[in-house]
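A.B. asks: Need the 3D shape of this:
(2 chains)
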Amino acid sequence: MNNNAMKGRPVYVVDGSRTPFLKAGEEPGPFQAADLAVRAAQPLLNRQPFSPEELDEVITGCVMPGPDEANISRIAALRAGCGKAVPAWTVQRNCGSGMQALDSAARNIAANRADLVMAGGTESMSQAPLLFPPQMVGWLGQLNRARKPAQKLKIASRFKPSYLKPVIGLIRGLTDPTVGLSMGKTAEILADKFNISRAEMDEYAVRSHLRLAAAQEQGRLSEIEPLYDWKGVVHEHDEGVRPDSSVEKLAKLRPVFDGRYGKVTAGNSSQITDGAAWLILASEKAIKKYQLPVMGRIVDCAWAGNDPSEMGLGPVFACTPLIRRNQKKLEDIDYWELNEAFAAQVIACLRAWRSDAFCKQSLGLKQAFGEIDDERLNVDGGAIALGHPVGVSGARIVLHLLHVLKNNKAATGVASQCIGGGQGGAMLVEV
Amino acid sequence: MNGKYQHWTLETDDDKLLWLHLDKAGASANTLSKEVLEELDDILTGVEKTPPDGLLLVSDKASGFIAGADVKEFTEVKSRDEAAAIIHRGQRMADRIEALPCATAALIDGFCLGGGLELALACDYRIATDSLNTRIGLPEVKLGIHPGFGGSVRLIELIGAVDAMPLMLAGRAVGGYKAKKLGMVDALVPKRHLVAAGRDFVTRKPARHQPGRLRALASSRPLRPLLAGKFRKEVAKKASKEHYPAPYALIETWEKHADNRRQWLDAEAQSVTDLFETDTAHNLVRVFFLQERMKSLGKQKDYQPKRVHVIGAGVMGGDIAAWCALQGFSVTLQDREPKYIAPAIKRAKKLFDMKLRPKHLNTAAGDRLIPDHKGLGIEKADIVIEAIVENAEIKQALYREIEPRMQPDAILATNTSSIKLETLGEALDKPERLIGIHFFNPVAKMQLVEIVRTDATPQELIDRTSTFIANMRKLPLPVKSSPGFLVNRVLMPYLLEAVELLSEGNAPETIDRAATDFGMPMGPILLADTVGLDICLSVANILGEQLGVAVPEKLKQMVDAGKLGKKSGEGFYRYEKGKPVSSKDAPAPDAVVTDRLIARLLNESVAVLREGVVEDADLLDAGMIFGTGFAPFRGGPMNYVKHIGEGQFVQKLQQLEKQFGERFKPDSGWKNLQEPRPRDAGQ
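C.D. replies: You can find the predicted model right below:
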């Protein structure tokens, strides 16, 4: 990894908003990914002193756009009123997509290639497509090419019912093809490696729910804009929260990935969810021109690769160099947002940093990196309670971290996430 | 053959195809005026002498092909012979085009209506663009006549009576896709291929379109009476033969003469000539011009508002917002909390689904309607429409809060129906900036919008507001700020009289029947139930107080008993699944029932006119027709008075006053009516 901090002009965050996160049910949710992106953007853009047409570009993270949503960023930008002249592009780094969008925007501003950028992520996991298997696609292709009726009949007769077995896009998307493991299994591997018990994971999950419930009650989620669906229902809050969650209740759930001896359950994993989040990033020039308020500054962003079968440790590999190359120590970070893909994975990261052996061997440090105070980590809950729309979470945690820092009159924060395929992303912000 | 006429241009290309361009001089749209047809007559004589290899009819107007006959000329027709001559000439023109030895085609982009479609139908082929502006139809019945240039004959021949008749009977125009599906046009192409497609058809000369065998069979002699009966039944649901003879005449010419083409064409011409003479046709033509006049009130070209902010997401506010979004405005919709906005979003989706089929346009309309419970849209809006609860203090408090946040030249409009503009304006730094825009329920259906002004309202603001209303395809009607404005004011005594009649023991069915027989679209009792009796009572109370009108006890009793009309399941009628349960045994109304209802409506109309609530009698008529559906074939209340005679009405009122009391006392304004009126529509 190139270990240079981000150079160039300072990058400011001026505003941000997101939709409530909607829990995916058995059926497709009420919104396509582009709908979510548009509805999160509209109130945000409406309250700006500049016109959406004055943005330099729009960058969107999205892992599973719908079949009619190629370059979803452009679709969202046009539909949100940014006009024909504002270019837009989509980024995909799995669970890191939303943060990648912010990083790309920040780097363009730092490099003086842009002054005002809207960046974020959108995902409608409930609308992830069902696909036909390749055999079906091949058969259809042959049938289409056949000209004569006899030929058509011959090909038609080769059809097998198994061709109709759908490929569930969502499950494939959450499976690493290089190691043949679902994301849940990588969490099981970490639980085993770091000796994390089922009870510890469930306790962590309960805390996430209770923290989110408290944040909702005390109005600490001001970045949420209500979503209105066409059935006349308004969605105002993250739907995944269970304020009555308890270790006893979670203990009853069955492991989903490793069979009866596994520990990772639906209750201590992040939820399948729909949502969108946006931030507006600006240069100093744009801030002055439009007299924009400053929420905070994006100082640096780091990406790292690690073993795909231990993808949940990604944050350790990304945060450590990020903090060190900015001449900081773990203790200098006031607040942390560590995306909760799985309770096991978050706990594993914390244990890795506490371990002399791990830090020496895997991070090249002389000793353990340090211990993160529970009261400074995911203080308003995380993806276990509110869900993890994969392309969005990176943007959400950065946005919420800025709110947390402001609410607590703190200065420095790190948002980080593990990324399917064995990567970590981390962003250092200051207010 | 090349040449330039005043309205037509002739151009023969290298393939000996003659392109006949119509670009009516001094007009934004092509119509078949006398001059245009005379020139075409001359052109056709030349074409008949030396026929080209193909002939193509093209419009050079961006707005469309041909909008139809020149309706203005209708009003100048003095005699039956003159009408017959006009129709005969038009019919002959179509016959001559049809008889040309070369292939002929009409190239249609935009509207192609009435006489325009009749000429196109005389061509061998019709090719239309896939533009959303393409509208094709024969709307003549809306003017009290039916096609007369052979169009009714040719459309039935082309696509069969089963499809053609309903279109003509309703005067409905269809878009390009539907026209292609029905066979009215032979090809639907993007505009960039229109010329190439036209050239292809007249040189390749494919077989002309014909109705399928089953459809052709429907026009056969044994089946015609059956089908005609069915058509009559359908028409009768919407319009009676007595009030609207045209559709019935159209069915009859087809039923009687479809076996012999020449006779059929002659019968069509004869029938239209007869219809031309009817009061209904005269009055409907007048209504057409009243509508044009209102549209022209909103034609300030340099004012192009884009952003609308609506405060209050109730039935009115929500539906106004949805309509604005449908019409292309960017709309923010505010209410106190998101939950009050959500139902409006649901209703809006229904409207978009009904009006905007293409998915991308439907999505775009949805994106233009932005729920905004924080009121972020106020700062950027060109127009702020307030449609919150009818309470002066609450409205004033709102104005105080939003005035400083609004753009300095943004329009601030209220949808109030009962509070004086002057009172509301007191809360503003600049009271004269407040204007009323009074929509009617249901917003999507009612075309009229009253623009309420005070004596201090600048004309410039009235003009801009009218333009905004016209841009959203509604009809603006400026009215003076006074109790009930025009429509509710005139309607209220009529509704109250109906309630009075009810409390005297008349059946609701009898009273409603009296009104619908007169030509109202809905009886007053059913109307009151539909509006909601609580709303009626509250408007009646406010108006009654301000105008000294007594409110019948019966209405108060109903509201106290929780019988609020359709919405509560019971009002004067009982409702099952939203439909009134009405008895068929109710006695037919006496003439005095009709007299009492109409007399109060007309007496109030005269009072309104005397007070100058509307500019003149024509606008009053227009307001009542488009705001209440007042019998269009009667041309509006004042036109009806004029037709029957003012003196006779005053007598009737005096008689009713003696019998039923002071509420029938003739208004002092009746005296003014004897004087000549300042202007007449369509002149």
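A.B. asks: Which positions in the stretch 251-400 of chain A make contact with chain B?
C.D. replies: Residues of the stretch 251-400 of chain A lying close to chain B (Cβ under 8 Å from any Cβ of the partner chain): none. Where you see a C-beta, it was placed from the backbone N, CA and C, and this is true even at glycine.
A.B. asks: Do a quick rundown of the helices in the stretch 251-400 of chain A.
C.D. replies: Along the stretch 251-400 of chain A, the stretches classed as helices by DSSP state H, counting those that start in this stretch are A:284-290, A:314-325, A:343-354, A:356-363, A:383-386, A:393-407.
A.B. asks: quick one: contacts of the first one?
C.D. replies: Pointing back at helix A:284-290 there. Outside helix A:284-290, the residues that touch it by Cβ atoms under 8 Å, 6 or more residues apart in numbering or on different chains are A:9-10, A:12, A:14, A:48-50, A:115-116, A:282, A:292, A:294.
A.B. asks: and the stretch 351-500 of chain B, which of its residues are near chain A?
C.D. replies: Going by Cβ under 8 Å from any Cβ, the residues of the stretch 351-500 of chain B near chain A are B:363-364, B:366-367, B:370-374, B:376-377, B:380.
A.B. asks: Indicate the residue of the stretch 301-431 of chain A located nearest to chain B.
C.D. replies: A:His403 (17.3 Å; Cβ to the nearest Cβ).
A.B. asks: Show the contacting residues for that residue.
C.D. replies: A:220, A:222-223.
A.B. asks: same thing with B:Leu100?
C.D. replies: Contacts of B:Leu100 by Cβ under 8 Å, 6+ apart are B:47-48, B:51, B:55.
A.B. asks: Ok, B:Ile462 next?
C.D. replies: Contacts of B:Ile462 by Cβ under 8 Å, 6+ apart are B:435, B:451, B:453, B:478.
A.B. asks: Specify the beta-bridge partners of B:Val384.
C.D. replies: B:His309, B:Leu412 (DSSP bridges).
A.B. asks: Just give the nearest non-adjacent residue to the residue in chain B that chain A sits nearest to, would you?
C.D. replies: Nearest residue of chain B to chain A (Cβ to the nearest Cβ) works out as B:Lys346 at 3.0 Å. Nearest in space to B:Lys346, with sequence neighbours left out and distances taken as Cβ to Cβ, 6 or more residues apart in numbering or on different chains, is A:Gly232 at 3.0 Å.
A.B. asks: The one you found reaches B:Lys339, doesn't it?
C.D. replies: No: in this structure A:Gly232 lies outside contact range of B:Lys339 using Cβ atoms under 8 Å: 9.7 Å.
A.B. asks: Give me the buried subset of the contacts of helix A:284-290.
C.D. replies: Buried by 16 or more other Cβ atoms under 10 Å in any protein chain shown: A:10, A:12, A:14, A:48, A:50, A:115-116, A:282, A:292, out of these.
A.B. asks: Quickly name whichever of the residues you listed is closest to B:Arg224.
C.D. replies: Ranked by distance to B:Arg224 (Cβ to Cβ), the buried ones among the contacts of helix A:284-290 are led by A:Gln48 at 66.6 Å.
A.B. asks: wait, what's in contact with the residue nearest to A:Leu386 when sequence neighbours are not counted?
C.D. replies: Excluding its sequence neighbours, the residue lying closest to A:Leu386 (Cβ to Cβ, 6+ apart) is A:Asp238, at 3.9 Å. Taking Cβ under 8 Å, 6+ apart, we find A:Asp238 in contact with A:20-21, A:212, A:216, A:221, A:224, A:385-387.
A.B. asks: Can you name every helix or strand that the longest helix along chain A contacts?
C.D. replies: The helix spanning the most residues in chain A, taking DSSP state H as the definition, is helix A:198-217. In terms of contacts (3 or more Cβ pairs under 8 Å, 6 or more residues apart in numbering or on different chains; DSSP states H and E), helix A:198-217 is packed against helix A:247-251, helix A:343-354, helix A:383-386.
A.B. asks: just checking, next helix/strand downstream of that helix?
C.D. replies: strand A:227-228 (DSSP states H and E).
A.B. asks: Run through who's touching that next one.
C.D. replies: A:19-20, A:22, A:31, A:36, A:39, A:234-236, B:338, B:341-342, B:345, B:371.
A.B. asks: With respect to chain B, which of the contacts of A:His403 is nearest?
C.D. replies: A:Ser222 (11.1 Å).
A.B. asks: quick one on the thing from earlier: what about the residue nearest to B:Lys346, which SS state?
C.D. replies: Each residue gets one of three states, and A:Gly232 gets coil by DSSP: H, G, I helix; E, B strand; the rest coil.
A.B. asks: related to what we said a few turns ago, out of the helices and strands packed on helix A:198-217, which is closest to B:Arg513?
C.D. replies: Checked against Cβ to Cβ, the stretch from the helices and strands packed on helix A:198-217 lying closest is helix A:383-386, at 61.6 Å.
A.B. asks: how distant is the closest one from the center of its chain?
C.D. replies: 11 Å (Cα atoms, centre = their mean, to the nearest Å).
A.B. asks: Find me the pLDDT at the closest residue to chain B within the stretch 51-200 of chain A, would you?
C.D. replies: Closest to chain B within the stretch 51-200 of chain A is A:Arg79: 4.9 Å, counting by Cβ to the nearest Cβ. On the pLDDT scale, A:Arg79 is placed at 97.
A.B. asks: swap in B:Lys567?
C.D. replies: The model's pLDDT for B:Lys567 equals 86.
A.B. asks: so what's it closest to, chain neighbours aside?
C.D. replies: B:Gly532 (5.7 Å).
A.B. asks: What does the pLDDT read for that neighbour?
C.D. replies: Value listed for B:Gly532 in the pLDDT field: 89.
A.B. asks: again with B:Arg677
C.D. replies: 51.
A.B. asks: filter the contacts of A:His403 down to the ones close to chain B.
C.D. replies: Of those, not one also sits near chain B (Cβ under 8 Å from any Cβ).
A.B. asks: can you give me the strands in the stretch 1-150 of chain A?
C.D. replies: Along the stretch 1-150 of chain A, counting by DSSP state E, counting those that start in this stretch, strands occupy A:11-18, A:22-23, A:57-61, A:88-91, A:116-124, A:130-131.
A.B. asks: just checking, what packs against the longest one?
C.D. replies: In this structure, strand A:116-124 makes packing contacts with helix A:33-46, strand A:57-61, helix A:72-79, helix A:97-110, strand A:273-282, helix A:393-407, judged by 3+ Cβ pairs under 8 Å, 6+ apart.
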